[in-house]
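S.K.: Dropping a prediction and its sequence here:
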Amino acid sequence: MNQLAEHLVQGFSQTPKTLSSKYFYDAAGSRLFQQIMSLPEYYPTRTELGIFQEQGAAIGQALAAGAASGQPLAVVELGAGDGLKTKLLLRELLAQPVALTYVPVDISPSAIEELTSSLQQELPGLTTEPLVAEYGEALTALAAQPGAKAVLFLGSNIGNFAPAEQLDFLRNLARPLTPADRLLVGFDLRKDPRRIRAAYDDAQGITAEFNFNLLRRLNAEAGTDFRLEDWQHFPDYDPATGAMRSWLVSRRAQTVRVAEPAGQTFEIAAWEAIQTESSFKFTLPQITGLAAGAGLRVVQVFQDAAGDFADVVLAVAG
(Lines give C-alpha, C1' and ligand atoms only; values in the text may rest on other atoms or scores of the structure.)
Protein backbone atom coordinates (compact mmCIF):
# COMPACT_ATOMS: atom_id res chain seq x y z
CA MET A 1 0.00 0.00 0.00
CA ASN A 2 1.47 3.38 -0.96
CA GLN A 3 1.75 6.20 1.58
CA LEU A 4 -1.26 8.14 0.31
CA ALA A 5 -3.52 5.07 0.24
CA GLU A 6 -2.37 4.16 3.74
CA HIS A 7 -3.17 7.67 4.95
CA LEU A 8 -6.66 7.49 3.43
CA VAL A 9 -7.38 4.15 5.13
CA GLN A 10 -6.25 5.56 8.48
CA GLY A 11 -8.18 8.80 8.06
CA PHE A 12 -11.38 7.12 6.90
CA SER A 13 -11.25 4.76 9.88
CA GLN A 14 -11.73 7.73 12.23
CA THR A 15 -14.86 9.62 13.25
CA PRO A 16 -15.20 12.10 11.67
CA LYS A 17 -13.26 10.97 8.62
CA THR A 18 -10.16 13.06 7.96
CA LEU A 19 -7.56 13.71 5.28
CA SER A 20 -4.37 15.64 6.02
CA SER A 21 -3.88 19.05 4.44
CA LYS A 22 -0.21 18.17 3.78
CA TYR A 23 -1.38 16.12 0.78
CA PHE A 24 -2.88 19.20 -0.88
CA TYR A 25 0.47 20.07 -2.37
CA ASP A 26 1.12 17.99 -5.44
CA ALA A 27 2.07 19.98 -8.56
CA ALA A 28 -1.56 20.90 -9.34
CA GLY A 29 -2.29 21.74 -5.71
CA SER A 30 0.78 23.97 -5.48
CA ARG A 31 -0.34 25.86 -8.61
CA LEU A 32 -3.84 26.32 -7.17
CA PHE A 33 -2.42 27.63 -3.91
CA GLN A 34 -0.37 30.17 -5.86
CA GLN A 35 -3.68 31.42 -7.26
CA ILE A 36 -5.29 31.45 -3.81
CA MET A 37 -2.52 33.66 -2.42
CA SER A 38 -3.40 36.40 -4.93
CA LEU A 39 -7.16 36.31 -4.31
CA PRO A 40 -8.72 39.48 -2.84
CA GLU A 41 -10.28 37.47 0.01
CA TYR A 42 -7.06 35.73 1.01
CA TYR A 43 -5.31 38.29 3.24
CA PRO A 44 -2.58 36.20 5.03
CA THR A 45 0.03 36.09 2.26
CA ARG A 46 -0.10 39.75 1.26
CA THR A 47 -0.28 40.85 4.91
CA GLU A 48 2.82 38.86 5.89
CA LEU A 49 4.56 40.03 2.71
CA GLY A 50 3.79 43.61 3.73
CA ILE A 51 5.37 43.01 7.15
CA PHE A 52 8.54 41.74 5.46
CA GLN A 53 8.59 44.64 2.98
CA GLU A 54 8.22 47.27 5.70
CA GLN A 55 10.15 45.63 8.55
CA GLY A 56 12.44 43.17 6.76
CA ALA A 57 15.67 44.86 7.85
CA ALA A 58 14.67 44.69 11.52
CA ILE A 59 13.54 41.07 11.17
CA GLY A 60 16.81 40.14 9.48
CA GLN A 61 18.80 41.76 12.28
CA ALA A 62 16.72 39.92 14.91
CA LEU A 63 17.32 36.57 13.19
CA ALA A 64 21.07 37.10 12.85
CA ALA A 65 21.50 38.59 16.34
CA GLY A 66 22.75 35.34 17.87
CA ALA A 67 25.37 34.65 15.20
CA ALA A 68 28.81 36.11 15.83
CA SER A 69 30.37 38.13 13.01
CA GLY A 70 31.77 35.88 10.29
CA GLN A 71 30.20 32.72 11.70
CA PRO A 72 27.91 30.55 9.55
CA LEU A 73 24.17 31.11 9.75
CA ALA A 74 21.82 28.47 8.34
CA VAL A 75 18.33 29.71 7.46
CA VAL A 76 16.12 26.62 7.57
CA GLU A 77 12.61 27.18 6.23
CA LEU A 78 9.94 24.55 6.85
CA GLY A 79 7.28 24.55 4.13
CA ALA A 80 9.23 26.89 1.87
CA GLY A 81 6.74 26.96 -1.03
CA ASP A 82 7.65 29.57 -3.63
CA GLY A 83 9.84 31.56 -1.22
CA LEU A 84 8.19 34.86 -2.20
CA LYS A 85 8.36 36.37 1.29
CA THR A 86 11.57 34.63 2.30
CA LYS A 87 13.55 36.17 -0.55
CA LEU A 88 13.03 39.57 1.08
CA LEU A 89 14.55 38.27 4.32
CA LEU A 90 17.38 36.52 2.51
CA ARG A 91 18.38 39.79 0.85
CA GLU A 92 18.48 41.45 4.26
CA LEU A 93 20.48 38.58 5.75
CA LEU A 94 22.96 38.60 2.87
CA ALA A 95 23.81 42.13 3.98
CA GLN A 96 24.70 40.85 7.47
CA PRO A 97 28.34 39.92 8.28
CA VAL A 98 27.61 36.17 8.38
CA ALA A 99 28.25 33.22 6.05
CA LEU A 100 24.69 32.46 4.95
CA THR A 101 23.24 29.12 3.82
CA TYR A 102 19.56 28.71 2.95
CA VAL A 103 17.92 25.32 3.52
CA PRO A 104 14.40 25.34 2.01
CA VAL A 105 12.31 22.34 3.10
CA ASP A 106 9.09 21.32 1.40
CA ILE A 107 7.12 18.12 0.88
CA SER A 108 6.51 19.06 -2.78
CA PRO A 109 9.41 18.22 -5.14
CA SER A 110 7.99 20.57 -7.79
CA ALA A 111 7.87 23.47 -5.32
CA ILE A 112 11.49 22.89 -4.29
CA GLU A 113 12.61 22.60 -7.91
CA GLU A 114 10.88 25.86 -8.89
CA LEU A 115 12.19 27.69 -5.82
CA THR A 116 15.76 26.51 -6.37
CA SER A 117 15.62 27.63 -10.01
CA SER A 118 14.30 31.07 -9.10
CA LEU A 119 16.93 31.53 -6.38
CA GLN A 120 19.72 30.75 -8.84
CA GLN A 121 18.46 33.60 -11.01
CA GLU A 122 17.51 36.14 -8.33
CA LEU A 123 20.14 35.46 -5.64
CA PRO A 124 23.02 33.74 -7.47
CA GLY A 125 25.46 34.37 -4.61
CA LEU A 126 23.34 32.51 -2.07
CA THR A 127 24.40 29.02 -0.96
CA THR A 128 21.29 26.84 -1.12
CA GLU A 129 20.82 23.29 0.18
CA PRO A 130 17.23 22.28 -0.71
CA LEU A 131 15.54 19.37 1.07
CA VAL A 132 12.41 17.51 -0.05
CA ALA A 133 11.11 16.12 3.22
CA GLU A 134 8.36 16.10 5.80
CA TYR A 135 8.84 18.16 8.92
CA GLY A 136 9.97 15.24 11.09
CA GLU A 137 12.87 14.45 8.76
CA ALA A 138 13.71 18.13 8.50
CA LEU A 139 13.87 18.50 12.28
CA THR A 140 16.41 15.68 12.41
CA ALA A 141 18.49 17.41 9.74
CA LEU A 142 18.14 20.69 11.61
CA ALA A 143 20.00 19.33 14.63
CA ALA A 144 23.04 18.57 12.44
CA GLN A 145 23.33 22.10 10.98
CA PRO A 146 26.63 23.77 12.02
CA GLY A 147 26.81 27.28 13.46
CA ALA A 148 23.83 29.43 14.34
CA LYS A 149 20.40 28.69 12.91
CA ALA A 150 17.41 30.81 11.95
CA VAL A 151 14.39 28.53 11.54
CA LEU A 152 11.42 29.91 9.60
CA PHE A 153 7.87 28.61 9.83
CA LEU A 154 5.84 31.24 8.01
CA GLY A 155 2.36 31.74 6.61
CA SER A 156 0.62 30.73 9.87
CA ASN A 157 1.31 27.07 9.06
CA ILE A 158 1.47 26.55 12.82
CA GLY A 159 -2.32 26.97 12.74
CA ASN A 160 -2.70 23.78 10.70
CA PHE A 161 -1.93 21.80 13.85
CA ALA A 162 -4.44 21.14 16.62
CA PRO A 163 -3.58 23.00 19.88
CA ALA A 164 -1.83 20.02 21.51
CA GLU A 165 0.07 19.37 18.27
CA GLN A 166 1.15 23.04 18.11
CA LEU A 167 2.83 22.66 21.49
CA ASP A 168 4.49 19.37 20.55
CA PHE A 169 5.71 20.80 17.26
CA LEU A 170 7.26 23.86 18.90
CA ARG A 171 8.88 21.67 21.55
CA ASN A 172 10.45 19.58 18.78
CA LEU A 173 11.62 22.75 17.05
CA ALA A 174 13.10 24.10 20.28
CA ARG A 175 14.97 20.91 21.17
CA PRO A 176 17.94 21.33 18.75
CA LEU A 177 18.15 25.11 19.22
CA THR A 178 20.99 26.81 21.09
CA PRO A 179 20.92 30.29 22.68
CA ALA A 180 22.44 31.66 19.45
CA ASP A 181 19.56 30.34 17.34
CA ARG A 182 16.33 32.09 16.46
CA LEU A 183 12.91 30.85 15.36
CA LEU A 184 10.54 32.98 13.27
CA VAL A 185 6.91 31.82 13.27
CA GLY A 186 3.99 33.43 11.44
CA PHE A 187 0.66 33.61 13.28
CA ASP A 188 -2.66 34.59 11.74
CA LEU A 189 -4.43 36.66 14.40
CA ARG A 190 -8.11 36.63 15.30
CA LYS A 191 -10.23 39.25 13.58
CA ASP A 192 -13.69 39.73 12.02
CA PRO A 193 -14.98 36.13 11.65
CA ARG A 194 -16.55 36.96 8.29
CA ARG A 195 -13.20 38.00 6.86
CA ILE A 196 -11.58 34.79 8.06
CA ARG A 197 -14.30 32.59 6.60
CA ALA A 198 -14.25 34.42 3.25
CA ALA A 199 -10.51 33.76 2.95
CA TYR A 200 -11.32 30.03 2.71
CA ASP A 201 -14.42 30.36 0.52
CA ASP A 202 -13.54 32.79 -2.26
CA ALA A 203 -16.10 33.98 -4.80
CA GLN A 204 -14.17 32.49 -7.75
CA GLY A 205 -14.20 28.98 -6.26
CA ILE A 206 -10.41 28.54 -6.40
CA THR A 207 -10.26 27.35 -2.78
CA ALA A 208 -12.98 24.79 -3.52
CA GLU A 209 -10.89 23.51 -6.46
CA PHE A 210 -7.89 23.31 -4.13
CA ASN A 211 -9.93 21.10 -1.80
CA PHE A 212 -11.30 18.98 -4.66
CA ASN A 213 -7.77 18.48 -5.99
CA LEU A 214 -7.10 16.29 -2.96
CA LEU A 215 -9.71 13.86 -4.33
CA ARG A 216 -8.15 14.02 -7.79
CA ARG A 217 -4.77 13.16 -6.28
CA LEU A 218 -6.24 10.23 -4.36
CA ASN A 219 -7.82 8.91 -7.56
CA ALA A 220 -4.52 9.19 -9.42
CA GLU A 221 -2.13 7.94 -6.74
CA ALA A 222 -4.19 5.75 -4.39
CA GLY A 223 -6.51 4.17 -6.94
CA THR A 224 -9.71 5.55 -5.40
CA ASP A 225 -12.88 6.25 -7.39
CA PHE A 226 -14.09 9.59 -6.01
CA ARG A 227 -16.61 11.35 -8.24
CA LEU A 228 -16.00 15.06 -7.71
CA GLU A 229 -19.56 16.01 -8.64
CA ASP A 230 -20.73 14.06 -5.58
CA TRP A 231 -18.90 16.39 -3.19
CA GLN A 232 -19.07 19.99 -2.05
CA HIS A 233 -16.53 22.27 -0.39
CA PHE A 234 -17.65 23.65 2.97
CA PRO A 235 -15.57 25.97 5.22
CA ASP A 236 -16.59 26.99 8.74
CA TYR A 237 -15.05 29.28 11.36
CA ASP A 238 -15.60 29.09 15.12
CA PRO A 239 -14.76 32.47 16.70
CA ALA A 240 -14.91 30.97 20.21
CA THR A 241 -11.94 28.67 19.59
CA GLY A 242 -10.27 30.39 16.63
CA ALA A 243 -10.67 27.20 14.56
CA MET A 244 -11.11 27.60 10.81
CA ARG A 245 -11.94 24.23 9.28
CA SER A 246 -12.51 23.03 5.72
CA TRP A 247 -14.60 20.00 4.84
CA LEU A 248 -15.58 17.91 1.85
CA VAL A 249 -19.25 17.01 2.22
CA SER A 250 -20.79 14.03 0.43
CA ARG A 251 -23.92 14.98 -1.54
CA ARG A 252 -25.21 11.41 -1.49
CA ALA A 253 -24.69 8.02 0.12
CA GLN A 254 -21.78 6.37 -1.67
CA THR A 255 -19.12 3.71 -1.50
CA VAL A 256 -15.47 4.66 -2.02
CA ARG A 257 -13.07 1.96 -3.16
CA VAL A 258 -9.32 1.87 -2.56
CA ALA A 259 -7.14 -0.04 -5.02
CA GLU A 260 -4.79 -1.31 -2.29
CA PRO A 261 -5.50 -3.53 -0.49
CA ALA A 262 -7.69 -4.97 -3.23
CA GLY A 263 -11.39 -4.63 -2.58
CA GLN A 264 -11.26 -2.37 0.49
CA THR A 265 -14.24 -0.01 0.58
CA PHE A 266 -15.63 2.74 2.80
CA GLU A 267 -19.30 3.58 3.14
CA ILE A 268 -20.05 7.30 3.25
CA ALA A 269 -23.48 8.58 4.25
CA ALA A 270 -25.35 11.36 2.50
CA TRP A 271 -24.08 14.73 3.83
CA GLU A 272 -21.29 13.10 5.80
CA ALA A 273 -18.31 15.45 6.11
CA ILE A 274 -14.59 14.71 5.73
CA GLN A 275 -12.31 17.21 7.44
CA THR A 276 -9.43 18.25 5.18
CA GLU A 277 -7.91 21.25 6.94
CA SER A 278 -7.73 23.11 10.24
CA SER A 279 -6.31 26.62 10.45
CA PHE A 280 -6.33 28.04 13.97
CA LYS A 281 -6.19 31.78 14.57
CA PHE A 282 -4.37 33.27 17.57
CA THR A 283 -4.24 36.09 20.09
CA LEU A 284 -0.94 37.59 21.24
CA PRO A 285 -1.36 36.27 24.83
CA GLN A 286 -1.99 32.81 23.34
CA ILE A 287 1.28 33.03 21.40
CA THR A 288 3.24 34.01 24.51
CA GLY A 289 1.74 31.12 26.47
CA LEU A 290 2.32 28.64 23.66
CA ALA A 291 5.96 29.70 23.39
CA ALA A 292 6.49 29.39 27.16
CA GLY A 293 4.97 25.91 27.17
CA ALA A 294 7.49 24.87 24.52
CA GLY A 295 10.48 26.25 26.41
CA LEU A 296 10.73 29.37 24.24
CA ARG A 297 10.59 33.09 24.90
CA VAL A 298 9.26 35.87 22.70
CA VAL A 299 12.14 38.06 21.52
CA GLN A 300 10.26 40.41 19.22
CA VAL A 301 6.85 40.70 17.55
CA PHE A 302 6.39 42.21 14.09
CA GLN A 303 2.81 43.09 13.09
CA ASP A 304 0.99 44.88 10.30
CA ALA A 305 -0.74 48.16 11.14
CA ALA A 306 -4.19 46.55 11.27
CA GLY A 307 -3.05 43.81 13.64
CA ASP A 308 -4.16 41.02 11.29
CA PHE A 309 -0.94 39.02 11.38
CA ALA A 310 2.16 38.61 13.57
CA ASP A 311 5.63 37.32 12.75
CA VAL A 312 7.19 36.39 16.07
CA VAL A 313 10.90 35.90 16.74
CA LEU A 314 11.48 33.27 19.43
CA ALA A 315 14.52 31.92 21.26
CA VAL A 316 15.09 29.17 23.80
CA ALA A 317 14.08 30.31 27.27
CA GLY A 318 16.83 30.91 29.82
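M.R.: Cool, the structure landed. Residues are numbered from 1 along each chain as shown.

S.K.: I'd like the secondary structure assignment at Val298, please.
M.R.: Secondary structure assignment for Val298 (DSSP: H, G, I helix; E, B strand; the rest coil): strand.

S.K.: need the contact list for the nearest residue to Ala133 once chain neighbours are set aside.
M.R.: Sequence neighbours aside, Val105 is the residue nearest to Ala133 in space, at 5.7 Å (criterion: CB to CB, 6 or more residues apart in numbering). (Glycine included, C-beta is placed from N, CA and C.) Residues in contact with Val105 (CB atoms under 8 Å, 6 or more residues apart in numbering) are Val76, Glu77, Leu78, Gly79, Ala80, Pro130, Leu131, Val132, Ala133, Tyr135, Ala138, Ala141.

S.K.: didn't Asp26 look like it was pressed against Leu218?
M.R.: No. Asp26 lies out of contact with Leu218 (CB atoms under 8 Å); the separation is 10.4 Å.

S.K.: coming back round to it: could you tell me the phi and psi values at the residue nearest to Ala133?
M.R.: phi -120, psi 130 (degrees, to the nearest 10).

S.K.: so how far is stretch 281-298 off the chain centroid?
M.R.: Relative to the centre of its chain, stretch 281-298 is centred 18 Å away, using CA atoms, centre = their mean, to the nearest Å.

S.K.: which secondary element of the protein has the worst mean pLDDT?
M.R.: Using mean pLDDT, DSSP states H and E, the weakest-scoring helix or strand in the chain turns out to be helix 135-143, at a mean of 79.

S.K.: separation between the residue nearest to Ala133 and Leu89?
M.R.: According to CB to CB, to the nearest Å, Val105 stands 15 Å off from Leu89.

S.K.: one step back: how far away from the center of its chain is the helix or strand following the least confident helix or strand of the chain?
M.R.: Per DSSP states H and E, helix 135-143 leads on to strand 148-153 as the next helix or strand towards the C-terminus. A distance of 15 Å separates the centroid of the chain from that of strand 148-153, by CA atoms, centre = their mean.

S.K.: same check, this time on stretch 284-302
M.R.: 19 Å.

S.K.: what's next to that stretch, contact-wise?
M.R.: Residues outside stretch 284-302 that contact it (CB under 8 Å, 6+ apart): 51, 55, 58-59, 62, 166-167, 170-171, 173-174, 182-183, 187, 189, 242, 282, 310-318.

S.K.: Can you show me the strands along the protein?
M.R.: Counting by DSSP state E, the segments of the chain that form strands are 72-78, 99-106, 127-128, 131-132, 148-153, 182-188, 231-238, 243-250, 254-258, 264-268, 273-280, 296-303, 309-316.

S.K.: Fine, thanks again, bye for now.
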